[in-house]
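> take a look and give me a structure for this.
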Amino acid sequence: MSGWWLFLGGAAFGSLLPALWHRATNLIPSVAARRRHWDRIKAKRLERSVQRLNELVQNVSGEVERHRGALLRTGEEIAGLDPSSPDFSKVVLQAAIEIMQLNARLQGELDTAESRLREQAWQLESQTAQALTDPLTGLPNRRAFDTEIKRRLAQWQRKQTPFSVVLLDVDHFKRLNDEYGHPAGDAVLTRLAEVLQAVARESDMPARIGGEEFAVILSEADARLAAAAAERFRRAIANRRFEFEGREMPVTVSCGAASIGAGVSIESLMKRADDCLYAAKENGRNRVFYHLASGPHPFDMAEDELPEPIPDAAEELTPERATELELQTLVDNLQHRLAEICSP
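Just a heads-up that it's a prediction; the model follows:
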């Protein structure tokens, strides 16, 4: 009898679950289709949002535990009754009413949980975006770059998946600011970011890592392919017409490229790329140097001789995608926990 009664109550509550899960999983913003728009704020706000979302999962689980306990107690009370008793039907009817009231109360709790989940998911997405974006250019900032290059290094150590880094620095940027004004300098940085996004593959990650300095993490690229990619960036920028308030501005960049290899740390990789960037500056600017065993080496190749870029690699785990997966995992865990609680 108690098993039957628990099944009745569980079935009544179970009808609430599909709608909640459908709505809750649809609350997670779709970040895959968005461009990488990240900004700089304190990471603690993001951590607090994740913590609140975890607390929400625990609170809903606790409410379902209490609901299950009430169903069990009601089932045990009915199981102890004699079906032939004249009061049996009255007790069963009263218990059914109580079950309906319990379900109505729990429905209210779940509606509240849905509203909180909607708010927390929105805040988490917004804060993740803000924490990792350069506000001027819309590119990933230094924090996002550091996070991604650590992930690429871990991938290299596990699977030997190669990657390279290209550093780009605007030539004579101070002179440009002095002559045309800081608003013109900001416009140059914004348009340069657009060029990088247009030339980079989907699996590459352009970022603004300092004042007039940019970086691109290249997937599946050795030193020579990285140098060729850097040359494409350089030429695209040199061929771009930069204007501000009707005045044309000459804009070029110097580039340094380096690739991951055995025993190479992030620090040594960045130093190699930076040494190559310095060599490009010292050798006339508007040039590309790349790292070889002997040190920085100039890259001089006609456009029709440049090797074709490797097609886009498989989907990369960007910070946005990682956040989406974390939210989905929280919802999945909640669904699994409630399913365990409500099973007879």
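
> got the domain ranges for this protein?
Following automatic domain parsing, the chain resolves into domains at 2-131+322-342, 142-313.

> could you measure from residue 265 over to residue 237?
30 Å (C-beta to C-beta, to the nearest Å). C-beta: built from backbone N, CA, C; applies to glycine.

> comparing these two, which shows the higher neighbour count?
Taking other C-beta atoms under 10 Å, residue 265 and residue 237 do not tie; residue 237 has more neighbours (24 against 10).

> quick check: that one touching residue 191?
No. With contact defined as C-beta atoms under 8 Å, residue 237 does not reach residue 191; the gap is 9.0 Å.

> which residues in the protein form helices?
Listed from the start of the chain, the chain has helices (DSSP state H) covering 2-14, 16-27, 43-79, 88-131, 142-159, 173-180, 182-199, 223-238, 266-282, 319-342.

> rewinding a little: which of the domains of the chain has the lowest mean pLDDT?
When mean pLDDT is averaged over each of the domains of the chain, domain 2-131+322-342 scores lowest at a mean of 58.

> and for residue 293, the neighbour number?
Neighbours around residue 293, by other C-beta under 10 Å: 7.

> next one: it relative to residue 272, how far apart?
As defined by C-beta to C-beta, residue 293 lies at a distance of 11 Å from residue 272.

> what do you get for residue 219?
If you measure residue 219 against residue 272 using C-beta to C-beta, the figure is 18 Å.

> same thing with residue 194?
Applying C-beta to C-beta to residue 194 and residue 272 gives a distance of 28 Å.

> which of these two has more neighbours?
Counting neighbours by other C-beta under 10 Å for residue 194 and for residue 272 shows that residue 272 has the greater number, 24 against 13.

> list the residues that contact the closest residue to that one other than its chain neighbours.
Leaving aside its chain neighbours, residue 272 sits nearest to residue 258 (3.7 Å; criterion: C-beta to C-beta, 6 or more residues apart in numbering). For residue 258, the contact set (C-beta atoms under 8 Å, 6 or more residues apart in numbering) comprises 164, 165, 223, 226, 269, 270, 272, 273, 276, 290, 291.

> what does residue 197 give?
Residue 197 makes contact with 139, 206 under the criterion C-beta under 8 Å, 6+ apart.

> now it: how far from residue 255?
When C-beta to C-beta is applied, the distance between residue 197 and residue 255 equals 16 Å.

> and for residue 266?
19 Å.

> between those two, which one's more packed in?
Comparing residue 266 with residue 255 by neighbour count (other C-beta under 10 Å), the higher total belongs to residue 255, at 29 against 14.

> surely residue 286 is in contact with residue 170?
No. Shown here, residue 286 and residue 170 do not form a contact pair, counting by C-beta under 8 Å, at 10.5 Å.

> which residues do these two both contact?
Common neighbours of residue 286 and residue 170 (criterion: C-beta under 8 Å, 6+ apart): 252, 253.

> looking at these two, which is more packed in?
In this comparison of residue 286 against residue 170, neighbours counted by other C-beta under 10 Å, the higher total goes to residue 170 at 22 against 19.

> what's the closest non-adjacent residue to the more buried one?
The shortest distance from residue 170 to any non-neighbouring residue, by C-beta to C-beta, 6+ apart, is to residue 212 (4.0 Å).

> residues contacting the one you found?
The neighbourhood of residue 212, defined by C-beta under 8 Å, 6+ apart, consists of 169, 170, 173, 185, 189.

> and those residues, which two are furthest apart?
For the contacts of residue 212, the maximum inter-member distance is 13.5 Å, found between 169 and 185 (C-beta to C-beta).

> and stretch 131-150, which residues are buried?
131-134, 137-145, 148-149 (16 or more other C-beta atoms under 10 Å).
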